[in-house]
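K.L.:
Give me the fold of what follows.
(chains A, B, C and D)
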Protein chains: 2
Amino acid sequence: MTMDRVAARAGTNKNAIYRRWPHRAALGIAAYRHLTDAVMPDPDTGSLRGDALAMLRQANETWSSPYGAILRGLLAAAADDPELLTLMRERSGADTMDRAWLTMLRRAAARGEAPAAAVHLRVATTPMMLLRAEYVTRGLPSVPDQVLTEIVDEVFLPLVHGRGSGRRQALNQIENREGGGEHAQQ
Amino acid sequence: MTMDRVAARAGTNKNAIYRRWPHRAALGIAAYRHLTDAVMPDPDTGSLRGDALAMLRQANETWSSPYGAILRGLLAAAADDPELLTLMRERSGADTMDRAWLTMLRRAAARGEAPAAAVHLRVATTPMMLLRAEYVTRGLPSVPDQVLTEIVDEVFLPLVHGRGSGRRQALNQIENREGGGEHAQQ
DNA sequence: CGTATACGGTACGCGCCGTACCTTAAAAGT
DNA sequence: ACTTTTAAGGTACGGCGCGTACCGTATACG
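P.N.:
Residues are numbered from 1 along each chain as shown, chains lettered A, B, ... in the order given. Reported below is the predicted structural model:
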């Protein structure tokens, strides 16, 4: 993903590219938008598990594609540039993704498949966060499907059902929060 | 984190550094080891919540330090080099960390604070994975303490208690696995 | 037909990595 | 005490990649 290569691949030279995009990063963001605008179909398979797996599989496929490779490299290059990172996140449709997960949870709650307390942003974003972290720790462009099912079956679904379904942990959390909550920030 | 700067800061020049470490990455790995060897005290606060928070806080502090900044930059630079990444992970004591989380869960299970089914690698690694993903999505340098408590209270503890505590989701998962398990890989 | 705007091409400066060559000081051997 | 081996510091270079400046050329507009 060098500018020279991009230019060569486009049949021209760097100059034409720098006329349209100020930075290398801007080009990457544009590529990302172009990539994400195409897809993201808000799956509705009828079960929470099916929806979650569909989302994860689609995301995994996206990030494994050649575009994804470019994206990952670009993201890595921008790791030390906070403002660039926020720009990428803003324009990347990441919160569109989060909203999709939330509506997915709402549908599940409406079906009685999940407690209402599971409709929570932190819960909704957890699977994608885990997938992202998996990308970071592995060097690989693709995550095996087994990992995706494990994220869903061993973490996401137990988490969804663990929230609000018991009174024991609710009490636990309340009484423990007394001792830990006021550390908030330093 | 340029080699010239490192050399200048060490009061010498690049040459001496390249005599000891073959790559820039090797230097970073050494720095990481030097960093992680010092700490990691396997906290035992008496409650699962306290232990988890202690681990997360300590990790957050570590990654926010100047060393952490170097590490993050280095990790970003190595994002497209799988063999280097595995080398970093092998020598980084990441699985030491995972083991610490597992023993933490075992202690909690022994105290009756968590079901035995919660002693699971995927569960144990989840909080650190979430923290890592938080670092990726934010520009960092540091994650506010509120996020850490949210990871623990909204995800980790419900997840721990959600596993094995109910028979409904167990059945759910079994019957659903019929329809999804054999997708394994493509 | 002259002019303005956009495009293609070459070349350059800067920063950084990694290496090669040279000089100098300390350690080891005789 | 003198020589030789070894380790260290210093300078310079080649390569790569980003971003910019300068130059030539084609197409649109008055």
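K.L.:
roughly how far apart are A:Met97 and A:Arg33?
P.N.:
13 Å (Cβ to Cβ, to the nearest Å). From N, CA and C alone the C-beta is placed, and that goes for glycine too.
K.L.:
Comparing these two, which shows the higher neighbour count?
P.N.:
Ranked by neighbour count (other Cβ atoms under 10 Å in any protein chain shown), A:Met97 and A:Arg33 place A:Met97 first, with 17 against 13.
K.L.:
Which residue, other than its chain neighbours, is closest to that one?
P.N.:
Distance criterion Cβ to Cβ, 6 or more residues apart in numbering or on different chains; nearest residue to A:Met97, sequence neighbours excluded, is A:Met128 at 6.4 Å.
K.L.:
burial count for the one you found?
P.N.:
Neighbour tally, A:Met128, other Cβ under 10 Å: 20.
K.L.:
Retrieve the pLDDT associated with it.
P.N.:
pLDDT for A:Met128: 94.
K.L.:
Please, which helix or strand holds it?
P.N.:
helix A:121-137 (DSSP states H and E).
K.L.:
Same question for A:Glu150.
P.N.:
helix A:145-150.
K.L.:
Now do that helix, average pLDDT.
P.N.:
pLDDT averaged over helix A:145-150 gives 96.
K.L.:
and the helix or strand just after it, does that touch chain B?
P.N.:
Once the chain leaves helix A:145-150, the next helix or strand it forms, by DSSP H and E, is helix A:157-162. Yes - Helix A:157-162 comes into contact with chain B (Cβ under 8 Å from any Cβ of the partner chain), by way of A:Leu157, A:Pro158, A:Leu159, A:Val160, A:His161, A:Gly162.
K.L.:
and helix A:157-162, how far out from the chain's middle?
P.N.:
Centroid separation for helix A:157-162 versus its chain: 19 Å, with Cα atoms, centre = their mean, to the nearest Å.
K.L.:
And for stretch A:48-55?
P.N.:
So, by Cα atoms, centre = their mean, the centroid of stretch A:48-55 is 14 Å from its chain's centroid.
K.L.:
tell me which residues of it are tucked away?
P.N.:
Going by neighbour count (16 or more other Cβ atoms under 10 Å in any protein chain shown), the buried part of stretch A:48-55 is A:Leu48, A:Arg49, A:Gly50, A:Asp51, A:Ala52, A:Leu53, A:Ala54, A:Met55.
K.L.:
And chain B, is that stretch touching that?
P.N.:
Yes - using Cβ under 8 Å from any Cβ, stretch A:48-55 reaches chain B at A:Arg49, A:Gly50, A:Leu53.
K.L.:
per-residue confidence averaged over that stretch?
P.N.:
95.
K.L.:
Smallest gap between chain A and DNA strand C, at which residue?
P.N.:
Among all residues of chain A, A:Ala16 sits closest to DNA strand C, at 3.2 Å; criterion: Cβ to the nearest atom of the strand.
K.L.:
Wait, that residue touches A:Met3, no?
P.N.:
No - using Cβ atoms under 8 Å, A:Ala16 is not in contact with A:Met3, being 10.8 Å away.
K.L.:
Next, the closest residue to A:Leu48 other than its chain neighbours: secondary structure please.
P.N.:
Leaving out its chain neighbours, the residue that sits closest to A:Leu48 by Cβ to Cβ, 6+ apart is A:Ala108, at 4.0 Å. Of the three states, A:Ala108 takes helix under DSSP: H, G, I helix; E, B strand; the rest coil.
K.L.:
pLDDT value on A:Ala108, please?
P.N.:
95.
K.L.:
Look up how far chain B lies from the closest residue to A:Arg106 other than its chain neighbours.
P.N.:
Sequence neighbours aside, A:Val119 is the residue nearest to A:Arg106 in space, at 5.5 Å (criterion: Cβ to Cβ, 6+ apart). Counting by Cβ to the nearest Cβ, to the nearest Å, the gap from A:Val119 to chain B is 12 Å.
K.L.:
could you list every residue that touches the residue nearest the centre of chain A?
P.N.:
With distances taken as Cα atoms, centre = their mean, the residue of chain A nearest its centroid is A:Met128 (3.9 Å). Going by Cβ atoms under 8 Å, 6 or more residues apart in numbering or on different chains, A:Met128 touches A:Met55, A:Leu56, A:Ala59, A:Met97, A:Asp98, A:Trp101.
K.L.:
Okay, and the fourth one sits in which element?
P.N.:
Same thing as A:Met97. With DSSP H and E as criterion, A:Met97 is part of helix A:94-110.
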